[in-house]
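Participant: model this:
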Amino acid sequence: MSETGTTAPGAGEEHQLRRSLGFRDLVVYGLLFIAPMAPVGVFGTLDAKSHGAVALVYVVATIAMAFTAFSYAQMVRVVPQAGSVFAYARVGLGNGAGFIAGWMAMLDYVLIPAVAYLFSGIAMEALIPEVSRWVWTAIAVVVTTLLNLWGVRAAARVGFLVLAMEIVVLVVFVVAAIVVLARDGAERDWLSPLSGDGTQGAFALSAVVGAVSVAVLSYLGFDAIATFAEEVDQEGREARWKGGGGRRAGGSAKVARALLFCLALAGVLFVAQTYLVALLEPVSSAQLAAEPERQGSAFYDAVDASVGTWLHDLVAVSKAIGAAFAALAGQAAAGRLLFAMGRDRRLPGVLSRTDSGVPRVALLVSAVITMVAAVWAARRDDGLDHLVSVVDVGALTAFTLLHASVVGWFVVRRGDAPVNWWKHLVVPVLGAAITITVIVEASGSAQVVGAIWLAVGLVVLAAQARGRRADGA
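Facilitator: Residues are numbered from 1 along each chain as shown. Alright, predicted model coming up:
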């Protein structure tokens with residue numbers, strides 16, 4: 001079977017992507033982008049916001065994001081193309097909405113890698129302070145870009161090794177935490193990670209919901225799996241086991257399963273680690289709320305106090321390497337989004353060119369933008385805050401348009417599948433309500449930046465429409 005192919009109509013050979021990814025590769029990319037220990041950096045903030053019910057926050061956040069994962073799974077079967085939400089909104093809502101969905105998603109796919117690279121640079125500077133963080137950040141961009149240019153399969157293999165390392169570190173943490181809890185007991189009540197520690201009053205559902213609006217950001221990136229839909233090996237394991245005579249599982253089915261599996265696994269990992277570290281946390285949620293400067297290091301401080309500095313250092317090294325490879329997965333997804341929008345002439349057509357099935361032009365453009373943003377932020381004390389505020393609203397707006405696309409295709413346009421009112425109306429409407437709520441709960445600066453980016457996108461869309469009318473005339 002040829003590894004090269006594309007589901008996009010009218011795509012010539014020079015605009016084709018190579019089909020070489022399996023189910024495991026998709027999960028690797030998704031988990032790399034999310035990062036198995038993503039809660040480390042936000043644990044203190046969530047603990048303070050939720051009044052100590054931090055594990056419950058991740059239970060609710062996983063359920064909330066499951067609506068988005070389910071909508072992705074519906075649309076990837078309809079449009080198994082690179083470009084993800086750009087392609088889905090184009091089919092479900094029209095070309096204009098498709099462009100806006102892709103435009104808003106660019107804030108997620110292009111700038112989340114910059115955030116991850118900056119995390120890597122900060123961690124490396126802490127380990128080797130003689131070298132500035134911006135130098136480490138630039139090195140991480142160059143190394144991972146070279147891997148992406150090598151090819152999606154090669155990058156997935158290296159990424160698998162890094163992901164295995166992160167999982168091993170997480171297992172070491174879990175085992176060490178269980179040993180300490182069995183030997184010395186818990187600092188808080190055993191149910192407090194699910195019900196609150198009581199230091200800020202009785203359990204408050206509103207506090208948990210407020211924390212969920214922050215926690216869902218830990219999951220941003222699992223959706224990147226959908227951008228690789230045109231690079232998935234379409235032959236199922238059944239066919240290989242039976243000499244080609246078994247039922248062939250399409251690439252879109254693998255993508256859908258990988259999306260749901262990745263989200264579920266990430267949810268289990270997030271709940272487990274936050275539950276354990278909350279039991280080890282000697283500082284109450286009320287103290288963290290009163291002293292916000294302690295929130296960023298709360299996870300590390302709890303590990304230091306209960307287990308030892310050795311585990312602190314191990315987690316820090318893992319975060320430094322893992323963040324760089326989270327950026328690798330994000331950069332690869334950004335390249336596929338730019339490729340798809342270029343192929344549809346919504347961005348310059350040169351972005352859709354491929355070399356041996358690899359969208360190297362789009363990858364290089366993505367790498368340059370990411371390098372500029374990451375190094376700029378690394379040279380500023382407030383650079384991280386600026387980047388994070390920009391990313392969140394873009395991703396959540398794209399998710400909202402994804403949910404609308406499910407309704408648009410299955411209910412309004414009545415596509416080639418029968419309408420299932422639960423799958424095609426109730427779930428996406430609830431999913432859109434969740435993402436809109438999170439946008440409303442976002443910081444004012446994030447909302448302003450998102451609105452400005454949206455306004456620029458609308459201007460670009462209007463200019464494109466005017467140009468096409470002129471060409472038609």
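
Participant: from here on, contacts and neighbour counts on C-alpha atoms
Facilitator: Noted.

Participant: count the residues that sit near Val60.
Facilitator: 19 (other C-alpha atoms under 10 Å).

Participant: I'd like the distance between it and Tyr109.
Facilitator: According to C-alpha to C-alpha, to the nearest Å, Val60 stands 25 Å off from Tyr109.

Participant: and if you look at Ala286?
Facilitator: 35 Å.

Participant: which of these two has more residues huddled nearby?
Facilitator: For Ala286 versus Tyr109, neighbours defined as other C-alpha under 10 Å are more numerous around Tyr109 (31 against 18).

Participant: OK, contacts around the closest residue to that one other than its chain neighbours?
Facilitator: Nearest non-adjacent residue to Tyr109, counting by C-alpha to C-alpha, 6 or more residues apart in numbering: Ala334, 4.8 Å away. Applying C-alpha atoms under 8 Å, 6 or more residues apart in numbering, we find Ala334 in contact with Met106, Tyr109, Val110, Leu363, Ser366.

Participant: which members of the residues you listed are the farthest-apart pair?
Facilitator: Met106 and Leu363 (13.1 Å; C-alpha to C-alpha).

Participant: got a list of what Lys319 touches?
Facilitator: Counting by C-alpha under 8 Å, 6+ apart, Lys319 touches Met37, Phe119, Ser120, Ala123, Glu166.

Participant: which of these ranks first by neighbour count?
Facilitator: That'd be Ser120 among the contacts of Lys319, by other C-alpha under 10 Å, with 29 neighbours.

Participant: state the helix or strand in which that one lies.
Facilitator: helix 95-127 (DSSP states H and E).

Participant: measure how far that helix is from the centre of its chain, please.
Facilitator: 9 Å (C-alpha atoms, centre = their mean, to the nearest Å).

Participant: which other helices and strands does it contact?
Facilitator: Here helix 95-127 touches helix 85-93, helix 133-150, helix 309-343, helix 360-378, helix 383-406, helix 444-472, going by 3 or more C-alpha pairs under 8 Å, 6 or more residues apart in numbering; DSSP states H and E.

Participant: where does the protein dip in pLDDT?
Facilitator: For the chain, residues meeting the criterion pLDDT under 70 lie at 1-20, 82-83, 126, 234-251, 381-386, 388-391, 415-417, 443, 470-473.

Participant: next up, the contacts around the closest residue to Ala374 other than its chain neighbours.
Facilitator: Excluding the flanking residues, the one nearest Ala374 by C-alpha to C-alpha, 6+ apart is Ala114, at 4.6 Å. By C-alpha under 8 Å, 6+ apart, Ala114 lies in contact with Ala327, Thr370, Met371, Ala373, Ala374, Leu387.

Participant: top of those by neighbour count?
Facilitator: Counting by other C-alpha under 10 Å, top hit in those: Ala327 with 33 neighbours.

Participant: residue contacts, it?
Facilitator: Phe33, Ile112, Pro113, Ala114, Ala116, Tyr117, Thr144.

Participant: ok, the second one touching Gly330?
Facilitator: Yes. Taking contacts as C-alpha atoms under 8 Å, Ile112 lies within contact range of Gly330: 6.8 Å.

Participant: any idea how far Ala433 is from the residue nearest to Tyr109?
Facilitator: 26 Å.

Participant: just confirm Val28 contacts Val162, I think it does.
Facilitator: No. Here Val28 does not reach Val162: they are 9.5 Å apart, not a contact under C-alpha under 8 Å.

Participant: between these two, who's got more neighbours?
Facilitator: Ranked by neighbour count (other C-alpha under 10 Å), Val28 and Val162 place Val28 first, with 25 against 20.

Participant: within the helices and strands, which one has that one?
Facilitator: Secondary structure assignment for Val28, by DSSP H and E: helix 23-34.

Participant: quick one: that helix to helix 309-343, angle?
Facilitator: 110 degrees (axes from the mean of the first three to the mean of the last three C-alpha atoms, to 10 degrees).

Participant: what does helix 23-34 contact?
Facilitator: 153, 156-157, 159-160, 163, 218-225, 228, 254-255, 258-259, 261-262, 266, 322, 325-330.

Participant: just want the most central residue of this protein.
Facilitator: The chain has Gly221 as the residue nearest its centroid, 1.0 Å off, counting by C-alpha atoms, centre = their mean.

Participant: for it, give its distance to Ala61.
Facilitator: From Gly221 over to Ala61 (counting by C-alpha to C-alpha), the distance is 14 Å.

Participant: next: Ala266.
Facilitator: As judged by C-alpha to C-alpha, Ala266 and Ala61 stand 11 Å apart.

Participant: ok, Ile178 next?
Facilitator: Ile178 is 25 Å from Ala61, where distance means C-alpha to C-alpha.

Participant: same question, Phe160
Facilitator: Taken as C-alpha to C-alpha, the span from Phe160 to Ala61 is 26 Å.

Participant: higher neighbour count, those two?
Facilitator: Ala61 (25 against 20).

Participant: tilt between the helix or strand where that one lies and helix 85-93?
Facilitator: Assigned by DSSP H and E, Ala61 belongs to helix 54-78. Angle, helix 54-78 to helix 85-93, by the same axes, to 10 degrees: 60 degrees.

Participant: number of residues surrounding Leu337?
Facilitator: The burial count for Leu337: 32, using other C-alpha under 10 Å.

Participant: scratch that, Ala290 is what I was asking about
Facilitator: Around Ala290 there are 12 residues (other C-alpha under 10 Å).

Participant: cool, the one 4 residues further on as well?
Facilitator: When neighbours are counted by other C-alpha under 10 Å, Arg294 registers 16.

Participant: how about Gln464?
Facilitator: So Gln464, with other C-alpha under 10 Å, has 16 neighbours.

Participant: so how far is Phe399 from the nearest residue to it once chain neighbours are set aside?
Facilitator: Once flanking residues are discounted, Gln464 sits nearest to Arg346: 7.9 Å by C-alpha to C-alpha, 6+ apart. From Arg346 across to Phe399, the span is 20 Å (C-alpha to C-alpha).

Participant: distance check, Leu259 against Val212.
Facilitator: 20 Å.

Participant: for the nearest residue to Phe86 once chain neighbours are set aside, give its distance to Leu458.
Facilitator: Spatial nearest neighbour of Phe86, chain neighbours left out: Gly102 (4.3 Å); criterion: C-alpha to C-alpha, 6+ apart. Distance of Gly102 to Leu458, computed by C-alpha to C-alpha: 12 Å.

Participant: so for these two, which sits in the more crowded spot?
Facilitator: Taking neighbours as other C-alpha under 10 Å, Gly102 and Leu458 compare with Gly102 leading, 30 against 17.

Participant: list the buried residues of stretch 435-448.
Facilitator: Thr435, Ile436, Val438, Ile439, Glu441, Ala442, Ala446, Gln447 (16 or more other C-alpha atoms under 10 Å).

Participant: mind putting those residues in a markdown table, secondary structure and distance to Val76 included?
Facilitator: As requested, these are arranged in a markdown table below (DSSP: H, G, I helix; E, B strand; the rest coil; distance: C-alpha to C-alpha, whole Å):
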| residue | secondary structure | distance to Val76 |
| --- | --- | --- |
| Thr435 | helix | 20 |
| Ile436 | helix | 22 |
| Val438 | helix | 24 |
| Ile439 | helix | 24 |
| Glu441 | helix | 29 |
| Ala442 | coil | 28 |
| Ala446 | helix | 29 |
| Gln447 | helix | 29 |
